[in-house]
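Novice: Fold the following, please.
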Amino acid sequence: MIKKTLYFGNPVYLSLRNAQLVIKLPEVVKNDTLPDGFKQESEVTKPIEDLGVVVLDNKQITITSGVLEALLENNCAIITCDSKSMPVGLMLPLYGNTTQNERFRQQLDASLPLIKQLWQQTVRMKIENQAAVLKKCAGEEVKCMTIWAADVKSGDSDNLEARAAAYYWKNLFKIKGFTRDREGIPPNNLLNYGYAILRAVVARGLVASGLLPTLGIHHHNRYNAYCLADDIMEPYRPYVDKLVYKILQEGMNCDVLTKGLKAQLLTIPTLEVVISGKRSPLMVAVGQTTASLYKCFSGELRRIIYPEM
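Specialist: This is a model prediction of the structure:
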């Protein structure tokens, strides 16, 4: 089943009733002149089991602990946003798999050669997907990127990921003064938002597969609780880039991250991708990727399954 993404950008009351998320508007609840029947009819309910990502983007949202518990029990990622509407926090369940302790141990015991091979596969697929986006969207020459992808060594010792990224960002967005920088000019704001949503989806998939999102195969940062998510999301980033490119081609003003822009970026979990030769929503594909990663740690597989563009 395809999990849904819910976004809340206005004041709202969120509570739980009969395994359903109950959504109430404060202005309706507090208005004593309205009949109780009207108030009940104005309520909106959503089955908790249908939700994969919930985004909270307003300081006046009230959510009960019962809702939080139910969402986490159903492996739903909960994203909170700051005053600039940028994702700033992520809540995930502590236990996402019945054999979690065993899986943690296999992840922790992974050999250095295996970890380097997994990063090699990840970088290679990222560059290949970047090349596909650059060719399809910007019509640029990508022969050099194809060569770089093929030449990636174990652990990417030659840092071809960085070389490919420099070429990619230089040629994808023909915008004066644009460089890929979190604090840079638009469409960096759209990319930041899209990557935050993608990161939450990948972290959710890792937890569901019984893996530690903190223990990366390449990224290592004492202050980052999602290093492995940052690793595994790399080949998926080009899907966000392609969506942002499409938004720019539609002529939308990207100086401010409006609700309309966020609505488009919140479709990321349901974007269609091709994985193992089959079409699949991105969130479902991520689940296949994280499951294959666990099987690499356990010795059942030698390759991570990633989508191909």
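Novice: can you map out the helices along this structure?
Specialist: Per DSSP state H, the chain carries helices over the ranges 26-29, 36-42, 65-73, 100-108, 112-133, 143-151, 160-172, 188-208, 227-232, 237-249, 259-265, 282-298.
Novice: out of those, which comes closest to V53?
Specialist: helix 188-208 (6.0 Å; C-beta to C-beta). Glycine gets a C-beta too; all of them are placed from N, C-alpha and C.
Novice: Could you list the low-confidence segments of this protein?
Specialist: Counting by pLDDT under 70, the ranges of the chain that qualify are 38-39, 96-98.
Novice: Please work out which residues outside stretch 151-168 touch it.
Specialist: For stretch 151-168, contacts defined as C-beta atoms under 8 Å, 6 or more residues apart in numbering pick out 113, 115-117, 119-120, 123-124, 126-127, 130-131, 134, 144-145, 148-149, 180, 218, 234.
Novice: do that again at 6 Å, thanks
Specialist: Contact with stretch 151-168 is made by 116-117, 119-120, 123-124, 127, 130, 134, 145, 148, as judged by C-beta atoms under 6 Å, 6 or more residues apart in numbering.
Novice: Pull up the distance across stretch 151-158, start to finish.
Specialist: Taking C-alpha to C-alpha, to the nearest Å, stretch 151-158 runs 9 Å from one end to the other.
Novice: in this structure, which residue is closest to the centre?
Specialist: The centre of the chain sits closest to L198, judged by C-alpha atoms, centre = their mean, with a distance of 1.3 Å.
Novice: how much space is there between L112 and L212?
Specialist: Between L112 and L212 the computed distance is 17 Å (C-beta to C-beta, to the nearest Å).
Novice: Those two: which is more packed in?
Specialist: L212 (16 against 9; other C-beta atoms under 10 Å).
Novice: next one: phi and psi at that one?
Specialist: Per-residue torsions, L212: phi -80, psi 110 (degrees, to the nearest 10).
Novice: show me the contacts for it.
Specialist: L212 makes contacts with 104, 107, as judged by C-beta under 6 Å, 6+ apart.
Novice: how about a cut-off of 10 Å?
Specialist: By C-beta atoms under 10 Å, 6 or more residues apart in numbering, L212 lies in contact with 100, 103-104, 107-108, 206, 225, 227-228.
Novice: Filter the residues you listed down to the buried ones.
Specialist: Among the contacts of L212, those buried by neighbour count (16 or more other C-beta atoms under 10 Å) are 100, 103-104, 107, 206, 227-228.
Novice: Out of those, which comes closest to A77?
Specialist: Using C-beta to C-beta, the buried ones among the contacts of L212 come closest to A77 at L206, 10.7 Å.
Novice: Let me see the contact set for the closest one.
Specialist: Counting by C-beta under 10 Å, 6+ apart, L206 makes contact with 92, 96-97, 107, 212-215, 226, 228-229, 231-233, 286-287, 289-291, 293-294.
Novice: And for R105?
Specialist: By C-beta under 10 Å, 6+ apart, the neighbours of R105 are F297.
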